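Visitor: Prediction below, plus the sequence it came from.
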Amino acid sequence: MSTTHKVVTRFAPSPTGYMHIGGVRTALFAWALARQNKGTFILRIEDTDKEREVPGSIDQIIESLAWLGITWDEGVGVGGPAGEYLQSKRLDHYIKYGKKLEAKGLAYADPYTAEEVDAFRKKSETEGRPFLYRDYRPQNPPTWDGTQPLRLKITTIKSYSWHDAIRGDLSAGPEALDDFILIKSDGYPTYNLAHIIDDLEMNVTHILRADEFISSVPKFLALYEALGITPPIMATLPPIMAPDGKKKLGKRDGAKDILGYRDDGYLPSAMLNFLVFIGWNPGDETEIITADEFIERFDLTKVQRSGGGFNEDKLNWINKEHLKRLSTQEQFDFVLRFISPAFATSCGTDKMSRLTPTIIERISVGKEIRDMEEKGELAFIVLQPPLDQAILNWNGKQDAAITTKYLSKLLTIVTNLPTFESVEQVKNEIMQFADSFAQRGAVLHPLRYALTGLAQSPDPFTVAYILGKDETVKRISFAIDSLSL
RNA sequence: GGCCCCAUCGUCUAACGGUUAGGACAACGGGUUUUCAAUCCGUUAAUCGGAGUUCGAUUCUCCGUGGGGUCACCA
């Protein structure tokens, strides 16, 4: 008998559509717990409801987990000692346990049709009491032949108390307990049975799940008891609430596909950072965290009990922070994902890499790059912009002759530079001249406008550096010419 | 409605029963700046209410209120 059990956690979604942030966070916590303890993380698919199953869901779940860097040691796609990790392929296991329970008199076949059960339900309601199937329990149920639902026979109606690794000591009254269905008439098990059998056979030590399951725990406990097994450690995560504040965030309330965030230009590291901080934090003032730090510092006992809201502003801020921390190459690749191929091509690699820091500095989410391009804020990088004389003359505050003089001087300065080495170098050279004026704007504004043709743009040094020496010379000359017309 | 869970700034949250209740996002104000952005500094802002335990409650207990969850041949 080994005394130290390896930590085994699992993420067990049902393939009913895309993954949203609630599911992802559950996966993240379970994964971190396994990784932190050098344990095993399992991906199991709970596809026991053929009605609700959405084709393609499994691939989407796998893709979502992969995007976030969540890897699993056993499960769908990688296999493992339990053999199958798709519940629909494990039907024999559930039936075996079902029969065992029936043989012990702890489960029985439900002889009624769904309509008959509904009638019972109505009867209870009209009598003003909650419906419990066990009130209508058949006296002499038929032997289960697999075509009827198999129900657990609750032998002792009692209150349950249990310990939750996050919530502490919990309890529920006997009202919650009923002869629930273990195996449906279609031969598939319910969640209630399947997850317990699988967790047993897969040696799962910690079950992390969302708090809508909390009221079902007495059922689970009754089944663990009937099966004669010790339940794993249970940890109930707090709900994630919708941005408006109070309602639990679910798909019906606008919980988006996690892959949508990827497509919008959120970094997986930022998404992870954001999600793990809903309901958990390391207890100090850390705001930005990497996956490795999260794994190292995660602590089940520090998980929040109360629900947390989804705050998109914070997510955007976190994404920006992660964007800043990317390497030059990573930033370049990121920008390339969102810029149009046409723009990237006409820019060329060199200009694109000079432009990248400026773009990164001005966005918090990738899709904003598309917006910038659409709004024409980037066109000047590849095209000589048309110029308005009045604006060029410091918005009409300056004589054309003076502006011409300044621009000519700038042209000389720029021309005399052998090459543009850096923004700083260009800035130093130009500032030396601009600083000789009481108002630098007299020089800098015409220069910036000559280079960009925009009322609002990055500073002229940065723009000049991005454009390169030849193009900068060309545009200053163009501005001078346009003033002499 | 029964059962269950939860409750600190607008939001995410910190605080062995003893803190001027801290941080972050947002908002607002300012510095820097040729513009926009970025960046820096600062300001506003919270313990749901009522009892109790205690020398002392954000913290423990009870009641109330509010919010959420669940009462399926869904998970």
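Guide: Here it is on my side, so go on. Numbers count the residues shown, from 1 in each chain, chains lettered A, B, ... in the order given.

Visitor: contacts and neighbour counts: CA atoms only from here.
Guide: Will do.

Visitor: do you know how far the closest residue to RNA strand B within the stretch 101-250 of chain A is from residue A:240?
Guide: Closest residue of the stretch 101-250 of chain A to RNA strand B, CA to the nearest atom of the strand: residue A:212 (3.1 Å). According to CA to CA, to the nearest Å, residue A:212 and residue A:240 sit 11 Å apart.

Visitor: Looking at those two, which is more packed in?
Guide: residue A:240 (27 against 12; other CA atoms under 10 Å).

Visitor: Ignoring the adjacent residues along the chain, who's closest to the more buried one?
Guide: Residue nearest to residue A:240 in three dimensions, not counting chain neighbours: residue A:308, with 5.1 Å by CA to CA, 6 or more residues apart in numbering.

Visitor: Lowest mean pLDDT among the helices and strands, pick that one out for chain A.
Guide: Of all helical and strand segments in chain A, the minimum by mean pLDDT, DSSP states H and E falls on strand A:308-309, at a mean of 82.

Visitor: Output the contacting helices and strands for whatever helix or strand comes next after it.
Guide: On the C-terminal side of strand A:308-309, the closest following helix or strand by DSSP states H and E is helix A:312-324. Contact here means 3 or more CA pairs under 8 Å, 6 or more residues apart in numbering; DSSP states H and E; on that basis helix A:312-324 packs against helix A:268-276, helix A:341-362.

Visitor: Just the CA atoms of helix A:312-324, as PDB, please.
Guide: What follows is helix A:312-324, C-alpha atoms only, in PDB (Å, rounded to 0.1, in the frame of the first residue of the first chain):
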ATOM      1  CA  GLU A 312     -12.700  43.200 -20.200                       C
ATOM      2  CA  ASP A 313     -10.800  46.400 -19.400                       C
ATOM      3  CA  LYS A 314      -8.600  44.500 -17.200                       C
ATOM      4  CA  LEU A 315      -8.100  41.800 -19.800                       C
ATOM      5  CA  ASN A 316      -7.100  44.400 -22.300                       C
ATOM      6  CA  TRP A 317      -4.600  45.900 -19.900                       C
ATOM      7  CA  ILE A 318      -3.100  42.500 -19.100                       C
ATOM      8  CA  ASN A 319      -2.900  41.700 -22.800                       C
ATOM      9  CA  LYS A 320      -0.900  45.000 -23.400                       C
ATOM     10  CA  GLU A 321       1.400  44.100 -20.600                       C
ATOM     11  CA  HIS A 322       2.100  40.700 -22.100                       C
ATOM     12  CA  LEU A 323       2.500  42.300 -25.500                       C
ATOM     13  CA  LYS A 324       5.200  44.500 -24.100                       C
END
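
Visitor: tell me which residues of stretch A:179-194 are tucked away?
Guide: Neighbour counts using 16 or more other CA atoms under 10 Å place A:179-185, A:187-194 of stretch A:179-194 among the buried residues.

Visitor: Just the ones in helices from the residues you listed, please.
Guide: Applying DSSP state H to those, the entries found in helices are A:191, A:192, A:193, A:194.

Visitor: neighbours of residue A:418, just the number please.
Guide: Using other CA under 10 Å, residue A:418 has 8 neighbouring residues.

Visitor: Please report the distance of it from residue A:297.
Guide: According to CA to CA, residue A:418 and residue A:297 sit 52 Å apart.

Visitor: Low-confidence ranges, chain A, go.
Guide: Filtered on pLDDT under 70, chain A yields the residue ranges A:1-4, A:243-247, A:251-254, A:485.

Visitor: repeat that with 50
Guide: Within chain A, the stretches with pLDDT under 50 are A:1-3.

Visitor: Helix, strand or coil: sort out the residue of it most remote from its centre for me.
Guide: Most distant from the centre of chain A: residue A:401, at 57.5 Å, with distances by CA atoms, centre = their mean. Of the three states, residue A:401 takes helix according to DSSP: H, G, I helix; E, B strand; the rest coil.

Visitor: What of the one 3 residues further on?
Guide: Reducing the assignment to helix, strand or coil with three-state DSSP, the entry for residue A:404 is helix.

Visitor: Can you tell me how far it is from residue A:155?
Guide: For residue A:404 relative to residue A:155 (CA to CA), the value is 97 Å.

Visitor: residues making contact with the helix or strand containing residue A:369?
Guide: Using DSSP H and E, residue A:369 sits in helix A:367-374. If you take CA atoms under 8 Å, 6 or more residues apart in numbering as the criterion, helix A:367-374 is touched by A:264, A:265, A:335, A:338, A:339, A:340, A:359, A:363, A:378, A:379.

Visitor: who's in contact with the last one?
Guide: Residue A:379 makes contact with residue A:373 under the criterion CA under 8 Å, 6+ apart.

Visitor: Could you check how far it is from RNA strand B?
Guide: 14 Å (CA to the nearest atom of the strand, to the nearest Å).

Visitor: Got the phi and psi for the residue nearest to residue A:145 when sequence neighbours are not counted?
Guide: Nearest residue to residue A:145, sequence neighbours excluded (CA to CA, 6+ apart): residue A:109, at 8.0 Å. Torsion angles at residue A:109 (phi, psi; degrees, to the nearest 10) stand at phi -80, psi 140.

Visitor: what's around residue A:109, how many residues?
Guide: Residue A:109 has 25 neighbouring residues, counting by other CA under 10 Å.

Visitor: interface residues of the stretch 201-350 of chain A facing RNA strand B?
Guide: Residues of the stretch 201-350 of chain A lying close to RNA strand B (CA under 7 Å from any atom of the strand) are A:211-216, A:239, A:241, A:245-248, A:277-281, A:283-287, A:302-311, A:313-314, A:317.

Visitor: looking at it, residue A:297 is touching residue A:283, isn't it?
Guide: No. The pair residue A:297 and residue A:283 fails to qualify as a contact (CA atoms under 8 Å) at a distance of 9.6 Å.

Visitor: Neighbour count for those two, which is higher?
Guide: In this view residue A:297 and residue A:283 are compared by other CA under 10 Å, and residue A:297 has more residues nearby, 16 against 9.

Visitor: Please determine how far the nearest residue to the more buried one once chain neighbours are set aside is located from residue A:480.
Guide: Spatial nearest neighbour of residue A:297, chain neighbours left out: residue A:282 (6.3 Å); criterion: CA to CA, 6+ apart. From residue A:282 across to residue A:480, the span is 59 Å (CA to CA).
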